[in-house]
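S.K.: quick one, fold the following:
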Amino acid sequence: MAHDGPEDHASQLSCIVCMGRLGAAHLPGLMSCLECGFITTDLKLSDEDLKRLYGRDYFHGQEYLDYTAEAESLKLNFQRRIAVLRQLAPDFQAAELFEIGCAYGYFLQVVVPYVKVASGIDISADAVRKAVAEQQTDAREGDYLAFDLKRPVDCITMWDTIEHLRRPDLFIGKAAKDLKPGGLLAITTGDIGSLNARLRGKSWRMIHPPTHLHYFSASTLKRLLERQGFDVVHLSHPGNSRKLRSVLYFISVLKANRPAIYNTLQRLPLFDLSLTANLFDIMYVVGRKRGAIPDGTGA
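M.R.: From the prediction side, this is the model:
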């Protein structure tokens, strides 16, 4: 992550999507752009704050019950996302792909057979160690904004990452520079404009600063991508697979603060199962960098 500077100070006064003025949101503790409706927090986190947030505990007990235990379900979700990318890029097998926020390397491991080269970066030293040692992936610890890819790539992915970034607009802007003309930027994140998010209001499960700093709708993410030189070529709300035990942990411990309920129920064999649910509040958006488009590419 980049250090605070004049650009960061300006972002605290204006919207990163449209540069409009920020004001109080209808959701407590959040801010909203008075022009485009983008929702964000008013938190000022340093690089060290972010590194502390995304240590080992983030993957084991905070955001996730046990990230490694969810590997099988996560990889199923990744296979579905890869299928979309293969439709959008018929020459995907010749692609050089780079993942921002690669965590334990599960996506890199899954995508390797489908592309020419796959590598990634993450701010979490613990996650990168596991990605390299256990998944044998090409992952490195670092700040993407300060990282030199050396040459443009064909595809950049950001799976459930953009909401965690202090300046997602800068990351998307750099991705535009790091992609070849016609290259793809694939993003998944919560959709605060979805029906479920609107019905749940402040209780929507995706609202939990300081790990989630920004809350995009389909329209605000599309607008940001277009402003940074992308055409949106795919937008969907796919289902998500998770272990039932992880769902139980999220509801009973993280949300209700009732660990006794979790400790009693989690031993049941039922919670070893996985399920695919769709509340249509997680969006999958793919932008194509404006420029040359390969022949036969679908949309």
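S.K.: which elements pack onto the lengthiest strand in the chain?
M.R.: If you go by DSSP state E, the chain has its longest strand at strand 179-190. Contacts defined by 3 or more C-beta pairs under 8 Å, 6 or more residues apart in numbering; DSSP states H and E place strand 179-190 against helix 71-88, strand 153-159, helix 168-178, helix 218-227, strand 282-289. No exception for glycine: its C-beta is placed from N, CA and C like everyone else's.
S.K.: which of the residues in that strand are buried?
M.R.: For strand 179-190, burial by neighbour count (16 or more other C-beta atoms under 10 Å) applies to Leu179, Lys180, Gly183, Leu184, Leu185, Ala186, Ile187, Thr188, Thr189, Gly190.
S.K.: export the helices and strands packed on strand 179-190 to JSON lines and tack on mean pLDDT, distance to Lys130 and mean neighbour count?
M.R.: Listed next are these as JSON lines, based on pLDDT from 0 to 100; distance: least, C-beta to C-beta, whole Å; neighbours: other C-beta atoms under 10 Å:
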{"stretch": "helix 71-88", "mean pLDDT": "93", "distance to Lys130": "11", "mean neighbour count": "17"}
{"stretch": "strand 153-159", "mean pLDDT": "98", "distance to Lys130": "16", "mean neighbour count": "24"}
{"stretch": "helix 168-178", "mean pLDDT": "98", "distance to Lys130": "23", "mean neighbour count": "20"}
{"stretch": "helix 218-227", "mean pLDDT": "98", "distance to Lys130": "29", "mean neighbour count": "20"}
{"stretch": "strand 282-289", "mean pLDDT": "98", "distance to Lys130": "24", "mean neighbour count": "23"}
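S.K.: closest one to Glu134 among the ones you listed?
M.R.: Of all these, helix 71-88 sits nearest to Glu134, with 9.7 Å by C-beta to C-beta.
S.K.: next secondary structure after the closest one?
M.R.: Sequence-wise, the next helix or strand downstream of helix 71-88 (DSSP states H and E) is strand 96-100.
S.K.: give me the residues contacting that following strand.
M.R.: Residues from elsewhere that reach strand 96-100 (C-beta atoms under 8 Å, 6 or more residues apart in numbering): 107-108, 111, 115-121, 144, 149, 151, 153-159, 161, 171, 175, 178.
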